[in-house]
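K.L.:
heads up, no residue letters with this:
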Ligand SMILES: N[C@@H](CCC(=O)N[C@@H](CS)C(=O)NCC(=O)O)C(=O)O
C-alpha cells in the first residue's frame, strides 16, 4: 500500500493513483448517520492541493463558510513522526505560516494523526482533503469528488447560495462525461507527466494531456463554460488544475509543450473562473508553489522555487462575449 504519491508507481514507471478509503456521505436526511448540520463538520485542506482546493471552492461558491469550518496545513511536507521516515502534511504550531493554522479541533500535529484517530488499522496515504465530523470524531470522507457533491446538494437548508446547483440533474450525463476525460488526461494527467519514472509513460501522458487541452480550447471558443453557458462542477474541477499550470506544472511536471497563457480561450476562461465571487479565496499561490517545489526532494532536491511567471488572474478577460 502506497504511503505517499511518490510510491504510486507501476513496474513500467507510470504513476497510478490509489482510490480513497473513507467514503461516507453527509445527508440532508436528519436521521442519517451524518446529517447535514451547521457547525458539525470541518474541512482539513492544503491550499497547495488541487483536490482539497476544489472542496474549499465549493464551500465558498455555495456560501457554506458559516456552516463548515476549515483549516489549512503547512504547504511543505515534513516528517510526521519521530519514529519513522514518513513525510506528509503537518499543522504549524502557531500562526508562523500565513494561511496555515494549528489544528483547532484535535490538536493534531499532522494529517496522519487524524487518520489514526479515525481508524486504528488504517493503511494507506494520509491525504487531504479530510472531511471531519466533530460529533462522532471521525473522518466522513477523504474523496474530494464526493465531498463536492455533498456540499452541492445536502446543505441547501443552510447554504447562502442554495440556488446554485453545480450538478443539475438535466446536465449530469454531460458533466460526468466531461469529468471523465478531464480527470484522466488533465487533473491526473499532469501528475502522470510529473511523476513518470520512464520516458514512455511520460510521452503517453503528455500527448493525452495536450490533446485534452486542445479539446478544451476548442470547446471554450464556442461557449463560456465546459458544459455550455452554465457554470458546473466540471468547470471547478478543471479550474484547479489550470490555475496551477503555468506557475507549477509547466516547469515542475514538464508540461511545457504549450503554456496555458498561449491558449487564448483557456487562459481567459481561467481568469473568468478566478473572478467568480469567492473563488480567489480558494487559491493561495504562495502555498501552491511552496507545496510542489518543496515537498518532493527527489524531483527538486534543493527546493528552489522558480520566480515566475506571476500571472495576474484578476486582470480583464473576454468571456463576457458569451453572456453571463
Ligand atoms: N482522491 C483524493 C486525492 C487526494 C490527494 O491525492 N491529495 C494529495 C495532495 S494533492 C495528498 O494529500 N497526498 C499525500 C501523500 O501523497 O502522501 C481526492 O481527490 O480527494
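P.N.:
That came through, no problem. Only a predicted model underlies this, so the values are computations on that prediction, with no experimental measurement involved. Numbers count the residues shown, from 1 in each chain.
K.L.:
From here on, just use CA atoms for contacts and neighbour counts.
P.N.:
OK.
K.L.:
any idea which element the closest residue to residue 225 other than its chain neighbours lies in?
P.N.:
Excluding its sequence neighbours, the residue lying closest to residue 225 (Cα to Cα, 6 or more residues apart in numbering) is residue 231, at 6.0 Å. Counting by DSSP states H and E, no helix or strand carries residue 231.
K.L.:
buried set for stretch 30-49?
P.N.:
Neighbour-count burial for stretch 30-49, counted by 16 or more other Cα atoms under 10 Å, picks out 34-38, 40-49.
K.L.:
Please flag which of those sit within strands.
P.N.:
Among the buried residues of stretch 30-49, the members falling in strands are 41, 42, 43, 44, 45 (criterion: DSSP state E).
K.L.:
My understanding was that the second one contacts residue 136; is that so?
P.N.:
Looking back up the chat, that one is residue 42. No: Residue 42 is beyond contact range of residue 136, at 11.9 Å (criterion: Cα atoms under 8 Å).
K.L.:
returning to that earlier point: I'd like the ones in strands among the buried residues of stretch 30-49 as TSV, with pLDDT and distance to residue 222 appended.
P.N.:
Converted to TSV, those look like this (pLDDT from 0 to 100; distance: Cα to Cα, whole Å):
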residue	pLDDT	distance to residue 222
41	98	40
42	98	39
43	98	36
44	98	37
45	98	35
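K.L.:
Which of the three states applies to residue 267?
P.N.:
Under DSSP: H, G, I helix; E, B strand; the rest coil, the three-state class of residue 267 is helix.
K.L.:
Now it: closest residue in space that isn't a chain neighbour?
P.N.:
Residue 267's closest residue in space is residue 261 (Cα to Cα, 6+ apart), at 5.2 Å.
K.L.:
Show me the beta-bridge partners of the closest residue to residue 41 other than its chain neighbours.
P.N.:
Nearest in space to residue 41, with sequence neighbours left out and distances taken as Cα to Cα, 6+ apart, is residue 133 at 4.8 Å. Judged by DSSP bridges, the bridge partners of residue 133 are residue 41, residue 138.
K.L.:
Just the closest of the ones in strands among the buried residues of stretch 30-49 to residue 196, please.
P.N.:
Nearest to residue 196, judged by Cα to Cα, of those is residue 45 at 25.6 Å.
K.L.:
So what's the residue count around the residue in the stretch 101-250 of the chain that the ligand sits nearest to?
P.N.:
Residue of the stretch 101-250 of the chain nearest the ligand, by Cα to the nearest ligand atom: residue 127 (3.0 Å). As a burial measure, residue 127 scores 23 neighbours (other Cα atoms under 10 Å).
K.L.:
Wait, residue 263 touches residue 217, no?
P.N.:
Yes: applying Cα under 8 Å as the test, residue 263 and residue 217 come out as touching, 6.7 Å apart.
K.L.:
for residue 319, what are its contacts?
P.N.:
224, 268, 269, 272 (Cα atoms under 8 Å, 6 or more residues apart in numbering).
K.L.:
tell me the SS of the last one?
P.N.:
Per three-state DSSP, the local secondary structure of residue 272 is helix.
K.L.:
switch to numbering from 551
P.N.:
With the count now opening at 551, the last piece we talked about shows up as residue 822.
K.L.:
distance of it from residue 865?
P.N.:
Going from residue 822 to residue 865 by Cα to Cα, to the nearest Å gives 9 Å.
K.L.:
Likewise for residue 838?
P.N.:
20 Å.
K.L.:
Off-centre distance for the single longest helix found in the chain?
P.N.:
Ranked by residue count under DSSP state H, the longest helix found in the chain is helix 749-770. Offset of helix 749-770 from its chain centre (Cα atoms, centre = their mean, to the nearest Å): 20 Å.
K.L.:
Then stretch 772-790?
P.N.:
Here stretch 772-790 is found 16 Å from its chain centre; the criterion is Cα atoms, centre = their mean.
K.L.:
Can you list the buried residues in that stretch?
P.N.:
For stretch 772-790, by 16+ other Cα under 10 Å, it's 773-777, 781-790.
K.L.:
do stretch 832-850 as well
P.N.:
Under 16+ other Cα under 10 Å, the buried positions of stretch 832-850 are 832-833, 835, 837-846, 849.
K.L.:
can you check stretch 653-667 too?
P.N.:
Applying 16+ other Cα under 10 Å to stretch 653-667 flags 653, 658, 659, 660, 661, 662, 663, 664, 665, 667 as buried.
K.L.:
Out of the contacts of residue 869, which comes closest to residue 609?
P.N.:
residue 822 (18.6 Å).
K.L.:
Alright, that wraps it up for me.
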